[in-house]
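> heads up, no residue letters with this:
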């Protein structure tokens, strides 16, 4: 992915290039090919290119009307978008095309931009800045309001460096780090904001406005008379999605785990290559022979044998973990920031460098949208809300037999989807780990519950609501994905293509999963395309041994020896309970592994901040403390003073 940096002012004085140069200095290690800049009366913009498609090359573009447009991304419907313009550009440039579309249509063009992208538009006439992202949020885009203007970037690091004042940690973001992932519009620091997917932010001297420019059509339904028609339509949209993602100037690599999702991408790409002459995909696979319940090697090697192409294999058993190992001398802007490269990172870099690969395909989203988790609850909720009681009774009996549970427990679980989520219910269910301080949990229930929402009785179909909740979880995960400086590549997600999601969200839920038929539509549609041994394999086990090994391989001894913990000092966790849970994990006793890992990662990040940003980071006061909020400054590993 490329990098966008910019700064503008609202006072009418000429923007200096000093600030832009400072921002570039904090982004140079992400841009090996250098920057191209544009300086105007009120604006300075830089574009660090990482070219992957023919139309992705570009630099800040000035339209005939004076708009300054900067664009990072891939346009999948290039010809359609071009055909809808009155005066389309002659050059093959996504930037020029998007700039022309915006000049002609304004924000009305945003829903028509299909692909992965981030966009900034400066309008000198009314001194306004517009920032926007694609519908799923594959690119990051941050902004920092200033007294007389605004700075923005697709990297957080330059804005942290440019702030010019002590940055205050956002405790709502910290809560999100401990649960699933933080909200998409939040960053670790108060005052620096992120653009949410499918929205645009407009900022001018009068203030800021945020608008959603596109959403799924809740009323759209696709109904066919035969299963075969659903299967044909699915193959069509999946092939289109894969074709869009493999379009690249450089060789494309796919992550091949041996599961159904990644194997389907590779097999569909091979099918397209045979039909249209596309370049054959390369693959990279991860394995760990020490994991008895996670033996992927037989599956991805089976597919390699079928293809006649051996992929790159990376042993993750001894690759170490960068959980607490941040680069010294650099302020880590998020808990997911660049860390010291592990042996796994070095192997992936060697893989891509060996043939000049720049694009990596991921199967992220396949489980969530195609019925990887075989739950009947969304379908049962549809039937219950629609008062289709006969059908509801038949399905609940079939599913109770398939899942070896009672009809009453399934009925109760279905009804519970419509019930409000409370702090008490989360505590009873164990959703909030025991080491999270109750006051902190009470203050941030949404973030600590993973932003769980009850289904509305009125409104869209319950299964449609569940689909959007699952997609929101994916969006939050994408929002924290860092841009790696030591393994430069662009990640693409075939299962998150807009056309594919619109199809999946419009078909009946029982096409996706059926009793005793997990991933029903996918298995039926891809029979003969994906090997049967992979298509019908059992669901992959959750790996727990590797997570436990992480505790032993990382420098967490200070946590166990009773040293002060920053997360405890600022009122997020109870260090005593945390150490007790950590000891249980090390001794293979029952404990919530993922939240424990997240707490370790959060503490490691807080310590790295304290080490690298002694005069830059302000810590929130523990809840219940008197005095000005957000006034504690952390130095070294201890909280020293409060103003």
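Structure's in. What do you need? Just so it is clear, the structure is predicted and the values come from calculations on it, not from any experiment.

> in stretch 71-87, what counts as buried?
Of the residues in stretch 71-87, those buried under the neighbour-count criterion (16 or more other C-beta atoms under 10 Å) are 71-78, 81. C-betas here are computed from N, CA, C, even on glycine.

> kindly report the same for stretch 34-53.
Buried positions in stretch 34-53, judged by neighbour count with 16+ other C-beta under 10 Å: 35, 37-38, 40, 42-53.

> so residue 218 lies in a strand, does it not?
No: for residue 218, which was evaluated using DSSP: H, G, I helix; E, B strand; the rest coil, the result is coil, with no strand membership.

> which SS class is the residue nearest to it when sequence neighbours are not counted?
Distances taken as C-beta to C-beta, 6 or more residues apart in numbering place residue 460 nearest to residue 218, at 3.7 Å, with adjacent residues excluded. Assigned by three-state DSSP, the conformation of residue 460 is coil.

> measure residue 460 to residue 154 for me?
With the distance defined as C-beta to C-beta, to the nearest Å, residue 460 ends up 33 Å from residue 154.

> with neighbour numbers in mind, choose between the two.
Neighbours around residue 460 and residue 154, counted as other C-beta atoms under 10 Å, are more numerous at residue 154. The numbers are 26 against 17.

> that one - nearest residue in space that isn't next to it in sequence?
If the residues on either side of it in the chain are set aside, residue 154 comes closest to residue 4, at 4.8 Å by C-beta to C-beta, 6+ apart.

> what do you get for residue 303?
By the measure of C-beta to C-beta, 6+ apart, the closest residue to residue 303 outside its immediate chain neighbours is residue 263, 5.6 Å from it.

> list the buried residues of the strand or helix carrying the one you found.
Element membership for residue 263, per DSSP states H and E: helix 260-276. Buried residues in helix 260-276, counted by 16+ other C-beta under 10 Å: 260-272.

> okay, now the unreliable bits of this structure?
Across the chain, the stretches falling below the confidence threshold (pLDDT under 70) are 12-16, 57, 292-293, 318-325, 338, 421-430, 539-562, 613-617, 619-643.

> assign the most centrally placed residue in the chain to helix, strand or coil.
Centrality entry for the chain: nearest residue to the mean C-alpha point is residue 478, 0.8 Å, by C-alpha atoms, centre = their mean. In terms of secondary structure, residue 478 is helix; the call rests on three-state DSSP.

> ok, now which ones touch it?
Remark: with contacts taken as C-beta atoms under 8 Å, 6 or more residues apart in numbering, residue 478 is in contact with 136-138, 364.

> what does residue 605 give?
With contact set as C-beta under 8 Å, 6+ apart, residue 605 has these partners: 326, 332, 334-335, 337.

> what comes up buried for whichever helix or strand it is part of?
When secondary structure is defined using DSSP H and E, the element that contains residue 605 is helix 593-612. Residues of helix 593-612 classed as buried: 593, 595-612 (neighbour count, 16+ other C-beta under 10 Å).

> swap in stretch 118-125?
Of the residues in stretch 118-125, 118-124 count as buried by neighbour count, 16+ other C-beta under 10 Å.

> relative to residue 383, how far out is the residue of the chain positioned farthest from its centre?
Each residue of the chain has a distance to the centre, and by C-alpha atoms, centre = their mean the biggest one is for residue 390: 40.2 Å. In this structure, residue 390 and residue 383 are 9 Å apart, going by C-beta to C-beta.

> residue 295 now?
Distance of residue 295 to residue 383, computed by C-beta to C-beta: 39 Å.

> looking at those two, which is more packed in?
Neighbours of residue 295 and residue 383, each counted by other C-beta under 10 Å, are more numerous for residue 383; the result is 23 against 14.

> right, and the more buried one touches residue 399 too?
No: counting by C-beta atoms under 8 Å, residue 399 is not a contact partner of residue 383; they are 11.2 Å apart.

> that older thread, farthest-separated two in the contacts of residue 478?
With distances taken as C-beta to C-beta, the most widely separated pair in the contacts of residue 478 is 137 and 364, at 12.2 Å.

> the more surrounded of the two?
Neighbour count, other C-beta under 10 Å: between residue 137 and residue 364, residue 137 has more, with 25 against 20.

> which phi and psi does the more buried one have?
The phi and psi values for residue 137, taken as degrees, to the nearest 10, are phi 90, psi 40.

> that one against residue 183, yeah?
No: because the distance of 11.6 Å does not satisfy C-beta under 8 Å, residue 137 is recorded as not touching residue 183.

> circling back: in a helix, the residue nearest to residue 154, correct?
No: remark: residue 4 does not belong to a helix; assigned using three-state DSSP, it is strand.

> would you mind measuring from it to residue 380?
46 Å.

> now do the end-to-end distance for stretch 198-217.
Distances were taken as C-alpha to C-alpha, to the nearest Å; on that basis the terminal residues of stretch 198-217 are 14 Å apart.

> contacting residues for the residue nearest to residue 154?
Contact partners of residue 4, counting by C-beta under 8 Å, 6+ apart, are 45-48, 70, 72, 118, 120, 141, 152-154.

> tell me the SS of the residue farthest from the centre of the chain?
When the structure is split into helix, strand and coil by three-state DSSP, residue 390 lands in helix.

> how much space between it and residue 6?
Using C-beta to C-beta, which is the criterion applied here, residue 390 is 60 Å from residue 6.

> host element of residue 285?
Going by DSSP H and E, residue 285 is part of strand 282-287.

> and if you look at residue 122?
Using DSSP H and E, the element containing residue 122 is strand 115-123.

> and that strand, which strands flank it?
According to DSSP bridges, strand 115-123 forms sheet pairs with strand 68-75 (antiparallel), strand 128-133 (antiparallel).

> in TSV, list those strands along with distance to residue 239.
Supplementary listing: the strands paired with strand 115-123 in TSV, determined by distance: least, C-beta to C-beta, whole Å:
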stretch	distance to residue 239
strand 68-75	18
strand 128-133	26
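
> of those strands, which approaches residue 526 most closely?
The stretch from the strands paired with strand 115-123 with the least distance to residue 526 (C-beta to C-beta) is strand 68-75; that distance is 25.3 Å.

> any idea how far the closest one is from the chain center?
Strand 68-75 sits 20 Å away from the centroid of its parent chain (C-alpha atoms, centre = their mean, to the nearest Å).

> next secondary structure after it?
Per DSSP H and E, strand 68-75 leads on to helix 78-83 as the next helix or strand towards the C-terminus.

> so what does that next one touch, helix or strand wise?
helix 94-105 (3 or more C-beta pairs under 8 Å, 6 or more residues apart in numbering; DSSP states H and E).
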